[in-house]
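Peer 1: Compute the structure for the input listed below.
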Amino acid sequence: MAGPPNFVFRLLNLTDQQKEQIKAFHEKAMADSKQYFDQLKPIRESLHALTQSAAFDEGAARNLINNENVLNTELNLIRLKTENATYNVLTAEQKAKLAELRKNMESHKPGQGRRPSR
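Peer 2: Below is the predicted model of the structure:
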């Protein structure tokens, strides 16, 4: 699941209760996601097989891609619900600290701040 990396949570000084709640959210998300990951595997295998076939079947590829997109949408919804539930167990102070940490992480992404080549 995306969301703040674990080290960010350590910086928020979570209570034991918050840690347990967040752990439960993530465990539920993993359980809920399993069925979609299981369904994605054969789709991805079929897409891979299409790239190696003698003739490309665009109709089959479109169908597989559409099915993959539906499953990825469900996985994204699970991730977003988990992030929302996690965010909503934070105190106002922790939310402010998280916003500050995210802003700092955004400004230090790899590839930013490099000098232009001459």
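
Peer 1: Show me what the helix or strand harbouring residue 37 is packed against.
Peer 2: Using DSSP states H and E, residue 37 sits in helix 16-51. Where contact means 3 or more C-beta pairs under 8 Å, 6 or more residues apart in numbering; DSSP states H and E, helix 16-51 is packed against helix 58-87. Using the backbone N, CA and C atoms, a C-beta is placed for each residue, glycine as well.

Peer 1: what comes up buried for stretch 56-75?
Peer 2: 64, 67, 68, 71, 75 (16 or more other C-beta atoms under 10 Å).

Peer 1: Then stretch 27-36?
Peer 2: Under 16+ other C-beta under 10 Å, the buried positions of stretch 27-36 are 29, 33, 36.

Peer 1: returning to that earlier point: CSV please, covering the buried residues of stretch 56-75 and showing pLDDT and distance to residue 44.
Peer 2: Formatted as CSV, the buried residues of stretch 56-75 follow (pLDDT from 0 to 100; distance: C-beta to C-beta, whole Å):
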residue, pLDDT, distance to residue 44
64, 98, 9
67, 98, 11
68, 98, 7
71, 98, 10
75, 98, 13
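
Peer 1: Nothing else from me, thank you.
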